[in-house]
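[1] what's the 3D shape of this:
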Amino acid sequence: MAVAHTTDQTFAEDIKSGLTLVDFWAPWCGPCKMIAPILDELDGELAGSADIVKLNVDENPETASAFRVMSIPTLILFKDGQPVEGVVGVQNKNALKQLIEKHR
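    Model prediction:
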(Lines give C-alpha, C1' and ligand atoms only; values in the text may rest on other atoms or scores of the structure.)
Protein backbone atom coordinates (compact mmCIF):
# COMPACT_ATOMS: atom_id res chain seq x y z
CA MET A 1 0.00 0.00 0.00
CA ALA A 2 1.41 3.39 -0.94
CA VAL A 3 1.12 6.53 1.15
CA ALA A 4 -1.24 9.05 -0.47
CA HIS A 5 -0.13 12.54 -1.46
CA THR A 6 -2.00 15.75 -0.70
CA THR A 7 -1.76 19.32 -1.99
CA ASP A 8 -2.65 22.82 -0.87
CA GLN A 9 -5.92 22.41 -2.78
CA THR A 10 -6.94 19.02 -1.33
CA PHE A 11 -5.40 19.22 2.16
CA ALA A 12 -8.52 20.21 4.13
CA GLU A 13 -10.54 17.42 2.52
CA ASP A 14 -7.77 14.84 3.02
CA ILE A 15 -7.51 15.41 6.79
CA LYS A 16 -11.13 16.16 7.69
CA SER A 17 -12.13 12.88 9.32
CA GLY A 18 -10.49 10.44 11.66
CA LEU A 19 -6.77 10.32 12.37
CA THR A 20 -4.39 11.46 9.66
CA LEU A 21 -0.62 11.66 10.01
CA VAL A 22 0.78 14.22 7.58
CA ASP A 23 4.41 14.00 6.48
CA PHE A 24 5.70 17.42 5.40
CA TRP A 25 8.65 16.57 3.13
CA ALA A 26 10.67 17.48 0.01
CA PRO A 27 12.40 15.27 -2.58
CA TRP A 28 15.86 16.72 -1.84
CA CYS A 29 15.61 16.03 1.93
CA GLY A 30 17.82 13.12 3.06
CA PRO A 31 15.98 12.48 6.35
CA CYS A 32 12.67 12.55 4.43
CA LYS A 33 13.98 9.72 2.26
CA MET A 34 14.96 7.80 5.40
CA ILE A 35 11.48 8.00 6.93
CA ALA A 36 9.58 7.20 3.71
CA PRO A 37 9.86 3.38 3.96
CA ILE A 38 8.85 3.55 7.63
CA LEU A 39 5.72 5.48 6.69
CA ASP A 40 4.95 3.03 3.86
CA GLU A 41 5.19 0.09 6.26
CA LEU A 42 3.16 1.86 8.94
CA ASP A 43 0.48 2.81 6.41
CA GLY A 44 -0.07 -0.86 5.62
CA GLU A 45 -0.33 -1.76 9.29
CA LEU A 46 -2.75 1.05 10.12
CA ALA A 47 -5.11 0.50 7.20
CA GLY A 48 -8.57 1.52 8.34
CA SER A 49 -7.59 3.00 11.69
CA ALA A 50 -5.49 5.99 10.56
CA ASP A 51 -4.34 7.50 7.29
CA ILE A 52 -0.90 8.73 6.31
CA VAL A 53 -0.48 11.43 3.67
CA LYS A 54 2.55 13.28 2.34
CA LEU A 55 2.72 16.97 1.47
CA ASN A 56 5.64 18.19 -0.65
CA VAL A 57 6.53 21.54 0.95
CA ASP A 58 8.24 22.84 -2.21
CA GLU A 59 5.12 22.33 -4.32
CA ASN A 60 2.63 23.26 -1.56
CA PRO A 61 4.06 26.16 0.44
CA GLU A 62 0.71 27.53 1.65
CA THR A 63 -0.16 24.55 3.82
CA ALA A 64 3.40 24.19 5.12
CA SER A 65 3.41 27.87 6.07
CA ALA A 66 -0.02 27.65 7.71
CA PHE A 67 1.29 24.99 10.08
CA ARG A 68 4.63 26.77 10.61
CA VAL A 69 6.70 23.92 9.19
CA MET A 70 10.28 25.17 9.45
CA SER A 71 12.22 21.89 9.29
CA ILE A 72 11.53 18.69 7.42
CA PRO A 73 10.53 16.03 7.88
CA THR A 74 7.80 17.37 10.14
CA LEU A 75 4.98 14.99 10.97
CA ILE A 76 1.72 16.37 12.33
CA LEU A 77 -1.13 14.18 13.52
CA PHE A 78 -4.61 15.52 12.79
CA LYS A 79 -7.82 14.31 14.40
CA ASP A 80 -10.99 15.25 12.54
CA GLY A 81 -9.16 18.06 10.76
CA GLN A 82 -7.49 19.57 13.83
CA PRO A 83 -3.77 19.23 14.65
CA VAL A 84 -3.25 17.33 17.90
CA GLU A 85 0.50 16.65 18.02
CA GLY A 86 3.61 16.94 15.90
CA VAL A 87 7.20 15.77 15.75
CA VAL A 88 10.21 16.95 13.77
CA GLY A 89 12.87 14.70 12.32
CA VAL A 90 13.14 11.01 11.58
CA GLN A 91 11.10 8.87 13.97
CA ASN A 92 11.09 5.12 14.29
CA LYS A 93 7.96 3.11 13.56
CA ASN A 94 7.20 2.39 17.22
CA ALA A 95 7.36 6.08 18.14
CA LEU A 96 4.93 6.93 15.35
CA LYS A 97 2.59 4.09 16.34
CA GLN A 98 2.58 5.35 19.94
CA LEU A 99 1.85 8.88 18.75
CA ILE A 100 -1.18 7.65 16.82
CA GLU A 101 -2.40 5.28 19.57
CA LYS A 102 -2.31 8.10 22.11
CA HIS A 103 -4.98 9.99 20.15
CA ARG A 104 -7.41 7.22 19.16
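
[2] Which parts of the chain are helices?
    11-14, 30-46, 61-66, 93-102 (DSSP state H).

[3] Including mean neighbour count and mean pLDDT, could those go into JSON lines?
    Placement of C-beta: from N, CA and C, glycine included. Converted to JSON lines, these look like this (neighbours: other CB atoms under 10 Å; pLDDT from 0 to 100):
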{"stretch": "helix 11-14", "mean neighbour count": "16", "mean pLDDT": "96"}
{"stretch": "helix 30-46", "mean neighbour count": "15", "mean pLDDT": "95"}
{"stretch": "helix 61-66", "mean neighbour count": "14", "mean pLDDT": "97"}
{"stretch": "helix 93-102", "mean neighbour count": "14", "mean pLDDT": "95"}
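
[4] Could you give the bridge partners of the residue most central in space within the chain?
    With distances taken as CA atoms, centre = their mean, Val22 lies nearest the centre of the chain, 1.8 Å away. For Val22, the beta-bridge partners under DSSP bridges are Val53, Ile76.

[5] and the residue lying closest to Met34 once chain neighbours are set aside, what is it in contact with?
    Ranked by CB to CB, 6 or more residues apart in numbering and with sequence neighbours excluded, the top spatial neighbour of Met34 is Val90, at 5.2 Å. By CB atoms under 8 Å, 6 or more residues apart in numbering, Val90 lies in contact with 31, 34-35, 38, 73.
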